[in-house]
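Colleague: Let's see this in three dimensions:
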Amino acid sequence: MTRETVVNAALTLGLLIVPMWALMADEPFIITLATRVAILALAGVGLNIALGLGGLVSLGHAAFFGLGGYAMGILASHAQSYTPLITWPVGIEGTTSMPLIWLVAVLAAGLGALVIGALSLRTSGVYFIMITLAFGQMLYYFAISWPAYGGEDGLSIYLRNGFPGLNTLVPIQFLALCYGLLAIALILSARLAASPFGLALNAARQSAARVQAVGLSPYRLRLVAFVISGMITGLAGALFADLNRFVSPTMFSWQTSGEIMVFVILGGVGRLFGPVAGAAVFIILEHVLGGISDYWHIYLGALLLLIVLFARGGLIGLLAGKAAHHG
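Modeller: Now for the predicted structure:
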C-alpha cells in the first residue's frame, strides 16, 4: 500500500466523518458545505482528466459547468411553470427528475466539449489556453443576453429536483447523491488512467511525435479526453445549480474556470484525489477566512504560491511523496 493510497483513504474517511458528525450535532450548514466540496471536487475531477492526464491547460471549463447548470435550470423552470420546452415538431415538457436532468446536462456539456475541443485542439500551449477562455466568455455573454432565462439576473428554481426514493430537500440525502456521483467519477478517472487509452494519452502529453510514429492520433486522444472531462464537469454544474436552486451567467465566467483550476493545482495535478483535497481546502478557507475578511482570496493566493513553488505535486504530493501517480 503506497503512502498516496493511505492519504486518499484518510480523505475519504474525512469526507464521511464530517457530515455524520454534522448530522448528529444538528448542523445542516456543515452538511451543505460538505455537499459543495463534493460538487466542486467533481468539477475538478473532470478538469483533472484533461489537465492531469492529457496536459491540456483549459481555462474554459466553466463553459461545461455552466452548460450543465443551465440544462438543469431550463428543464426545471419549464416544469415549474408548466410551459412546454419545445412545441414543434413534437411537444417536449420540462422535468424535475434528477436522472433525466443529469443525462441532458452530461450530453449538453459533452456536445459543447466536442465542438470547443475540436476547434481548440488544433492549437497548443498559450493559444489553447486563450481559445478555451474565449469560448467560455462567449457563453458567459450569451447567457447575460438571454432574457428568456433571466439574463444577467439568473434563474431561480423554487423546488429542488427529485430522485426516486429520496427526499432531496433533506441535506444529508442530497449529499449522499453527490458523494455517490463523485465516487463513480473517481473510479472512472482511475480506470481511465490505467487503461490503454489513458496510457496513450499520457504518452501523447510527453511526446506527441512518438505517439504519432506508432500510428495513434494525439489529436483524437486529446479530443476524447476533453469530451469526457467536459461531461463530468457538466454533471457537477447541474448538481451545483440544484444545490443553490439558482443558475446565473457567473457559472460561465473565467473566475469559475480559474477556481476549478485552483482545486486541481492545490490538491495536485494528475493525482486521483487532488481535486477532492483542493476543493476541501478551498471551501474550508472560504468558510473560516471569509468570516474574518472579505479579502480572504489573498490567503488563498499565498497558499497557491507556496504550493507552486515548493510542492509541485500539490497537497497530495506533499503528503504522499514525490512520484506523481494517478490512481
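Colleague: Pick out the residue nearest the middle of this structure.
Modeller: Residue closest to the average C-alpha location in the chain (C-alpha atoms, centre = their mean): residue 43, at 0.8 Å.
Colleague: Contact partners for residue 276?
Modeller: Applying C-beta atoms under 8 Å, 6 or more residues apart in numbering, one finds that residue 276 lies in contact with 11, 15, 37, 41, 44-45, 182, 186, 267. Placement of C-beta: from N, CA and C, glycine included.
Colleague: one step back: quick one: name whatever helix or strand follows the one helix or strand the residue nearest to the centre of the chain maps to.
Modeller: Following DSSP states H and E, one finds residue 43 within helix 28-48. Along the chain past helix 28-48, the next helix or strand (assigned with DSSP H and E) turns out to be helix 62-81.
Colleague: Can you get me the centre-to-centre distance for that following helix and its chain?
Modeller: A distance of 15 Å separates the centroid of the chain from that of helix 62-81, by C-alpha atoms, centre = their mean, to the nearest Å.
Colleague: What's the mean pLDDT across that helix?
Modeller: Per-residue confidence for helix 62-81 averages out to 94 on the pLDDT scale.
Colleague: swap in stretch 219-227?
Modeller: Stretch 219-227 shows an average pLDDT of 96 in the prediction.
Colleague: mind listing what's buried in it?
Modeller: The neighbour-count check on stretch 219-227 (16 or more other C-beta atoms under 10 Å) flags 221-227 as buried.
Colleague: The residues you listed in helices, which ones?
Modeller: Among those, the ones falling in helices (DSSP state H) are 221-227.
Colleague: Quick check: the two most widely separated of the residues you listed?
Modeller: 221 and 227 (11.2 Å; C-beta to C-beta).
Colleague: which of the residues in stretch 223-239 are buried?
Modeller: Burial within stretch 223-239, assessed by neighbour count using 16+ other C-beta under 10 Å, is assigned to 223-239.
Colleague: Tell me how far residue 196 lies from residue 321.
Modeller: In this structure, residue 196 and residue 321 are separated by 27 Å, where distance is defined by C-beta to C-beta, to the nearest Å.
Colleague: which residues of the stretch 1-150 of the chain score low on pLDDT?
Modeller: By pLDDT under 70, the low-scoring segments of the stretch 1-150 of the chain are 87, 90-91.
Colleague: what element comes up after the host helix or strand of residue 264 heading to the C-terminus?
Modeller: Secondary-structure element containing residue 264, defined by DSSP H and E: helix 254-267. Under the assignment DSSP H and E, the closest C-terminal helix or strand after helix 254-267 is helix 274-290.
Colleague: Please point out which parts of that next one sit buried.
Modeller: Applying a neighbour-count criterion of 16+ other C-beta under 10 Å, one finds 274-283, 285, 289 buried in helix 274-290.
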